[in-house]
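Asks: my questions are about this predicted structure, shown below with the sequence.
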Amino acid sequence: MRHGKSYNDARQKVDRTQVYSLEEGLGMVKDLSFAKFDETVELSVKLNLKKSQTVRDTLVLPHQFKGEKKVLVFAKGEKAEEAREAGAAFVGDADLIEKIQGGWLDFDVAVATPDMMKDVGRLGPILGRRGLMPNPKTQTVTFDIKAALGELQKGRVEYRSDKTGVVHFSVGKVSMDVDKMSENVQLVLGEIAKKRPADAKGEFMRSVYVSSTMGPGVKIEYRELA
């Protein structure tokens, strides 16, 4: 992959043979940022997983940096009313399913009551590949709509290892203080460490990098953080 001059200049300033402390690494990411927008700071964690294994859960970061999410709720009757009162952006059942089948996807996360999943399941091909499908593992299939919305509005987000065993997670913006981003990173690493499969062998985390949206990766020392 070819990169522009700004990226290559930034990359030259990173010693690829060195492993930086978390604070040093995040400081470098901030200093090396060159885009004209407030870049997102990304954490990439390479895990030692078998092909059959995955790591997946949700968490709430201590320091938020994203705007309020538009939450859609699939529910009927009293639960639909509960969703409206709790601040859901969109609430419905068959009407919303039909709308989504028609191509509408103007929401950030979807929640469903268990009794709606038989019908919502038809949206699998549409919502699944976009990471929007309600799932009990991410606490987005529940009858406790009020609690689910409360957590989502606090900033609860999902993380999941990809096919290569890497977890990608946004931990801040380059405009944020290093201390706040550091606390976010430490929480994410701690939560991932708790998800180590029982039969995983050897060192669970193989490498950890931080980078900005447009910038190069900086390898950080993680063993004392997780």
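Replies: Sure, I can see it. Residues are numbered from 1 along each chain as shown.

Asks: how about Asp9, nearest residue that isn't a chain neighbour?
Replies: Counting by Cβ to Cβ, 6 or more residues apart in numbering, Phe34 is the residue found nearest to Asp9 once chain neighbours are left out, at 7.9 Å. Using the backbone N, CA and C atoms, a C-beta is placed for each residue, glycine as well.

Asks: if you could redo that for Thr54, that was the one I meant.
Replies: Nearest one to Thr54, counting by Cβ to Cβ, 6+ apart, is Ser161 at 5.3 Å.

Asks: pretty sure Gly92 sits against Ala83.
Replies: No. Assessed by Cβ atoms under 8 Å, Gly92 is found out of contact with Ala83, at 9.4 Å.

Asks: contacts for the helix or strand of the chain with the lowest mean pLDDT next, please.
Replies: One helix or strand of the chain scores below all others by mean pLDDT, DSSP states H and E: helix 5-12, with a mean of 76. Helix 5-12 has contacts (Cβ atoms under 8 Å, 6 or more residues apart in numbering) with His3, Leu32, Phe34, Met214, Gly215, Pro216.

Asks: most neighbours among those residues, which one is it?
Replies: Gly215 (25 neighbours; other Cβ atoms under 10 Å).

Asks: test my guess that that residue contacts Asp31.
Replies: No. Using Cβ under 8 Å, Gly215 is not in contact with Asp31; the gap is 9.6 Å.

Asks: now do the buried residues in the longest helix belonging to the chain.
Replies: The residue-count maximum for a helix in the chain (DSSP state H) belongs to helix 178-194. Buried residues in helix 178-194, defined by neighbour count with 16 or more other Cβ atoms under 10 Å: 178, 180-189, 191-193.

Asks: from Val60, how far out is the residue sitting furthest away from the middle of the chain?
Replies: Ranked by distance from the centre of the chain (Cα atoms, centre = their mean), the top residue is Gly77, with 31.3 Å. Per Cβ to Cβ, to the nearest Å, Gly77 is found 29 Å from Val60.

Asks: now do Lys69
Replies: 12 Å.

Asks: can you list the residue ranges for strands in the chain?
Replies: Here the chain has its strands, by DSSP state E, at 40-47, 56-59, 71-74, 90-92, 109-112, 157-160, 166-173, 205-212, 218-219.

Asks: between these, which one is closest to Lys137.
Replies: If you check each of those against Lys137 by Cβ to Cβ, strand 56-59 wins as the nearest, at 6.1 Å.

Asks: quick one, what contacts the closest residue to Ser211 other than its chain neighbours?
Replies: What sits nearest to Ser211 in space, not counting adjacent residues and going by Cβ to Cβ, 6+ apart, is Gly217, at 4.3 Å. Applying Cβ under 8 Å, 6+ apart to Gly217 gives the contacts Val14, Ser44, Tyr209, Val210, Ser211.

Asks: just confirm the first one contacts Leu32, I think it does.
Replies: Yes. Applying Cβ under 8 Å, one finds Val14 in contact with Leu32, separated by 7.3 Å.

Asks: find residues that contact each of these two.
Replies: Pro216.

Asks: re earlier: who touches the longest helix of the chain?
Replies: With Cβ under 8 Å, 6+ apart as the test, helix 178-194 has contacts from 22-23, 26-27, 30, 41, 43, 45, 47, 55, 57, 59, 61-63, 159, 167, 169, 171-172, 204-205, 208, 210, 222, 225-226.

Asks: just the buried members of the residues you listed?
Replies: Here, 16+ other Cβ under 10 Å leaves 22, 26-27, 30, 41, 43, 45, 47, 55, 59, 61, 63, 159, 167, 169, 171-172, 204-205, 208, 210, 222, 225-226 buried among these.
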